[in-house]
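Q: need a 3D model of the sequence below.
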Amino acid sequence: MNPLIKFFRTKIYTAVILLILLLAIGVIGFKSMSNYTWIDALYMTVITITTVGFKEVHPLDDATKIFTISLILISVFILGYALSVITEYILSKNSFEELKQKKMQKKIDNLKNHIIICGYGRNGKQAATKLLAYNKPFVIIEKDKELVEKDENDLTPFVLGNANEDETLMQAGVDRASCLISALPNDADNLFVVLSTRQINKDINIISRASQETSYKKLKLAGANNVILPDKIGGDHMASLVVVPGLMEFVDNLSIVGKSNINIEEIAIEKLTKEIKTIKDLDLRKKTGCTVIGYKDENGEYIVNPEADLDLAPNSKIIVLGRPEQIDVLNTIYDIS
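A: Below is the predicted model of the structure:
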């Protein structure tokens, strides 16, 4: 909690305690000095400290009048203090929220080639967790203020707003981003986000969630590079655990997230030295212990278990498999962060 907000909350607690104490003194005083019932004593105390001007329940003697005068004077100071503290707290909280939003927006404005996640539901949170583990810069767009206030911090910058609006996308830096993940629960909303994003940034990589298979082609036509059907993937995975359980357990044990348990890594050809022409020239098995299990050419086509004499084209990538310590050696040699 911000120290300034904490300080004002302490002052508010003090004001509340003083008000309760004032009320108790008034009730006990009227009860003991004028033999009022507890209800009448409470009534007299409330109309006295609020100075509403109602007539007293019974005529007051001189001692009770002096007590009432003292109660009024004291209540003026305490009520004035309480109102000033509450007002100051509200103003300071609003100012703090504005400063926090400006600071967050300044950080977002400095980002480039970052990832934007639209929607912070189940899929959005999973995406954010993986990106955070890989130290990838990202911004989350979410319209639910409670979700934003719950998880907002320096590591997970939020933009509070509707991802369907171009202004919100621009606020998240969509024109400078390298990738956008649309994880909204409604397919129509995802379609609108994909359309808007593709119009603003022609080169951005767009990954969209879809609930219905009928939405797959529409999202692709709208400009999504990849469309993920979580329900379909989940069903296929469960069926695979029945058909080939051993293989699926092996795949589940592979990890691409974290700093100490990564088993698979992707390397852009540009990370390699210019002298490297083929997979054989890399000699990764000897240098790192890792094995090349896949190749993605410049057109995005994949080759599983490529030949050793396969020519490595510009803008292509290789996928390697290894134990975590072997992946660490690989990352060190080719400066993969």
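Q: contacts, neighbours, all on C-alpha from now
A: Noted.
Q: how about the contacts made by the closest residue to residue 33 other than its chain neighbours?
A: Nearest residue to residue 33, sequence neighbours excluded (Cα to Cα, 6 or more residues apart in numbering): residue 64, at 6.4 Å. Applying Cα atoms under 8 Å, 6 or more residues apart in numbering, we find residue 64 in contact with 30, 33-34.
Q: quick one: buried ones out of those?
A: Those of the contacts of residue 64 that meet the buried threshold are residue 30, by 16 or more other Cα atoms under 10 Å.
Q: show me the contacts of residue 64 that map onto helices.
A: Of those, the ones assigned to helices by DSSP state H are 30, 33-34.
Q: quick check, nearest of these to residue 141?
A: Nearest to residue 141 among the ones in helices among the contacts of residue 64, counting by Cα to Cα, is residue 30 at 58.1 Å.
Q: right, and that closest one touches residue 41 too?
A: Yes. Contact criterion Cα atoms under 8 Å: residue 30 and residue 41 qualify, at 5.3 Å.
Q: before we move on, the earlier item: ok, so of the contacts of residue 64, who is nearest residue 11?
A: residue 30 (28.8 Å).
Q: what separates residue 43 from residue 50, distance-wise?
A: Distance of residue 43 to residue 50, computed by Cα to Cα, to the nearest Å: 11 Å.
Q: swap that for residue 113, please
A: Distance, residue 113 to residue 50, by Cα to Cα: 60 Å.
Q: same check, this time on residue 142
A: As judged by Cα to Cα, residue 142 and residue 50 stand 44 Å apart.
Q: tell me which of these two has more neighbours.
A: Using other Cα atoms under 10 Å, the more surrounded residue of residue 142 and residue 50 is residue 142, with 23 against 12.
Q: residues in contact with that one?
A: Residue 142 neighbours (Cα under 8 Å, 6+ apart): 118-120, 148, 158-163.
Q: swap the cut-off to 7 Å and go again
A: Counting by Cα atoms under 7 Å, 6 or more residues apart in numbering, residue 142 touches 118-120, 148, 159-162.
Q: so residue 51 sits in a strand?
A: No. Under DSSP: H, G, I helix; E, B strand; the rest coil, residue 51 falls outside any strand and is assigned coil.
Q: how many neighbours does it have?
A: 12.
Q: show me the shaky parts of this protein.
A: In the predicted model of the chain, residues 1-9, 53, 90-99, 152-155, 253-262, 273-275, 337 satisfy pLDDT under 70.
Q: which stretches of it form strands?
A: 115-118, 138-142, 158-160, 179-182, 205-209, 226-228, 264-268, 291-296, 302-304, 317-321 (DSSP state E).
Q: how about TSV for those strands, with distance to residue 167 added?
A: Converted to TSV, those look like this (distance: least, Cα to Cα, whole Å):
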stretch	distance to residue 167
strand 115-118	14
strand 138-142	12
strand 158-160	11
strand 179-182	15
strand 205-209	18
strand 226-228	24
strand 264-268	34
strand 291-296	36
strand 302-304	37
strand 317-321	35
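Q: quick one, which of these is nearest to residue 102?
A: Comparing the strands of the chain by Cα to Cα, strand 158-160 comes nearest, at 11.0 Å.
Q: the stretch 1-150 of the chain: helices as residue ranges?
A: 3-34, 38-49, 62-109, 122-133, 145-151 (DSSP state H, counting those that start in this stretch).
Q: out of these, indicate the one that is most buried.
A: Of all the helices of the stretch 1-150 of the chain, helix 38-49 carries the top mean neighbour count, a mean of 18, counting by mean count of other Cα atoms under 10 Å.
Q: closest to residue 199 out of the strands of the chain?
A: strand 205-209 (11.8 Å).
Q: now do that closest one against helix 122-133, angle only.
A: 140 degrees (axes from the mean of the first three to the mean of the last three Cα atoms, to 10 degrees).
Q: helices or strands up against strand 205-209?
A: For strand 205-209, the packing partners by 3 or more Cα pairs under 7 Å, 6 or more residues apart in numbering; DSSP states H and E come out as strand 179-182, strand 226-228.
Q: rewinding a little: tell me the one of the ones in helices among the contacts of residue 64 nearest residue 329?
A: residue 30 (82.3 Å).
Q: contacting residues for the closest one?
A: Residues counted as contacts of residue 30 (Cα under 7 Å, 6+ apart) are 36, 41.
Q: distance of it from residue 76?
A: Residue 30 sits 18 Å away from residue 76, going by Cα to Cα.
Q: send me stretch 105-121 as PDB with only the CA atoms.
A: Only the C-alpha atoms of stretch 105-121 are listed here, as PDB (Å, rounded to 0.1, in the frame of the first residue of the first chain):
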ATOM      1  CA  GLN A 105       1.200   5.100 -19.400                       C
ATOM      2  CA  LYS A 106       4.700   6.600 -19.600                       C
ATOM      3  CA  LYS A 107       6.100   3.100 -19.200                       C
ATOM      4  CA  ILE A 108       3.800   1.700 -21.900                       C
ATOM      5  CA  ASP A 109       4.700   4.600 -24.200                       C
ATOM      6  CA  ASN A 110       8.400   3.600 -23.900                       C
ATOM      7  CA  LEU A 111       7.700   0.000 -25.000                       C
ATOM      8  CA  LYS A 112       8.500  -1.200 -28.500                       C
ATOM      9  CA  ASN A 113       8.000  -4.600 -30.100                       C
ATOM     10  CA  HIS A 114       6.000  -5.700 -27.100                       C
ATOM     11  CA  ILE A 115       3.000  -8.000 -26.800                       C
ATOM     12  CA  ILE A 116      -0.500  -6.900 -26.100                       C
ATOM     13  CA  ILE A 117      -3.000  -9.200 -24.300                       C
ATOM     14  CA  CYS A 118      -6.600  -8.300 -24.700                       C
ATOM     15  CA  GLY A 119      -8.700  -9.700 -21.900                       C
ATOM     16  CA  TYR A 120      -7.400 -10.900 -18.500                       C
ATOM     17  CA  GLY A 121      -9.600 -13.900 -18.000                       C
END
